[in-house]
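Peer 1: Predicted structure and sequence below. I'll ask about it afterward.
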Amino acid sequence: MPAHACEHPGCTEPGLFRAPRDRSLRHFLWFCLPHVRDYNKAWDYYKGMAPNEIEAHLRDDTAWQRPTWPLGRLGGAGRFDAEILRDPLGVLNGEAPTARRRPRDVVEVPPELRAALELMDLSWPLDQVELRTRYKDLAKRYHPDATGGDRAAEDRLKDINRAYSLLKRRVPARGRVAAEPAGAPAG
C-alpha cells in the first residue's frame with residue numbers, strides 16, 4: 001500500500017510522484033503519473049514575481065546564491081608584499097626537479113610507426129600531403145596492372161596499404177603524432 005494517495009480531486013490512484021507545492025521546494029503534493037505530468041506542465045516557479053525579482057533571482061542562481069564582487073577589489077589595491085613569497089629554504093631559486101625537455105627541433109620517431117615509415121621510405125616528422133604523395137607514387141609503381149600481375153609486387157602493395165592506413169591515422173595535417181583515444185591500444 002503506497003504511503004500517499006493522489007491529491008488530484010476525484011482521483012483514487014496511489015500518489016507515487018511528488019511535485020513542489022511552492023517555491024521553497026520543501027513542501028510537496030503527491031500525484032499519480034498522469035496528474036503529476038499535468039501539474040508540472042502548468043507549474044511556473046516564477047509565477048507571481050515581478051520581472052526585476054525574476055532577474056535578481058536568476059543572477060543569484062548564476063553564482064549559486066553566493067556573494068560575488070568585481071575582480072581586483074579585495075586585497076589588490078595595495079602594494080605587493082614580498083614577504084608572501086619568502087623562500088627561506090631556497091626552493092624557488094634551485095634547478096627544476098625534473099629533467100629539461102628536448103629542444104623542439106629534435107623529434108623522435110614513435111616506435112610503432114618506424115616500420116611503416118621505413119617501408120614507405122619516409123622520414124619523421126611528416127604531414128598528410130607528403131604522406132599522400134608518397135603513397136600515390138608507390139601505389140602506381142606496385143599496382144598489379146602496372147606490374148603485369150607480379151605476385152611479389154602485389155604483396156608489397158598490400159604492405160604499403162597497411163602502412164599508409166596506420167600513418168594516415170597518426171599523422172595530422174600539422175605533422176605531429178595524433179593523440180590516442182582514451183582506452184585505445186597504441187599502434
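Peer 2: It's in.
Peer 1: Nearest residue to residue 36 in space, ignoring adjacent ones along the chain?
Peer 2: residue 17 (4.0 Å; C-beta to C-beta, 6 or more residues apart in numbering). To be clear about C-beta, it is placed using only N, CA and C from the backbone, and glycine gets the same treatment.
Peer 1: Give the bridge partners for the one you found, please.
Peer 2: For residue 17, the beta-bridge partners under DSSP bridges are residue 31.
Peer 1: so how far is residue 59 from residue 52?
Peer 2: Counting by C-beta to C-beta, to the nearest Å, the separation of residue 52 from residue 59 is 11 Å.
Peer 1: Over to residue 139?
Peer 2: Counting by C-beta to C-beta, the gap from residue 139 to residue 59 is 63 Å.
Peer 1: cool, residue 14 as well?
Peer 2: From residue 14 to residue 59 the distance is 41 Å (C-beta to C-beta).
Peer 1: Looking at those two, which has the bigger crowd around it?
Peer 2: residue 14 (16 against 10; other C-beta atoms under 10 Å).
Peer 1: Hmm, that one is touching residue 5, no?
Peer 2: Yes. Residue 14 lies in contact with residue 5 (C-beta atoms under 8 Å); the separation is 6.4 Å.
Peer 1: could you pull out the strands for this structure?
Peer 2: Using DSSP state E, the strands found in the chain span residues 17-20, 28-31.
Peer 1: now could you export just the CA positions of the worst-scoring helix or strand of the chain on mean pLDDT as PDB?
Peer 2: Using mean pLDDT, DSSP states H and E, helix 144-147 stands out as the lowest-scoring helix or strand of the chain, at a mean of 82. Written as PDB, here are the backbone C-alpha positions of helix 144-147 (Å, rounded to 0.1, in the frame of the first residue of the first chain):
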ATOM      1  CA  PRO A 144      49.100  -5.300 -60.300                       C
ATOM      2  CA  ASP A 145      48.000  -3.600 -63.600                       C
ATOM      3  CA  ALA A 146      51.400  -1.800 -63.700                       C
ATOM      4  CA  THR A 147      53.500  -4.900 -62.800                       C
END
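Peer 1: so how far is that helix off the chain centroid?
Peer 2: 46 Å (C-alpha atoms, centre = their mean, to the nearest Å).
Peer 1: picking that back up, how close does the residue nearest to residue 36 sit to residue 151?
Peer 2: 72 Å.
Peer 1: out of the two, which sits in the busier spot?
Peer 2: residue 17 (19 against 9).
Peer 1: Need the pLDDT of the residue nearest to residue 36.
Peer 2: With respect to pLDDT, residue 17 scores 94.
Peer 1: Surely it touches residue 33?
Peer 2: Yes. With contacts counted by C-beta under 8 Å, residue 17 reaches residue 33, the gap being 6.1 Å.
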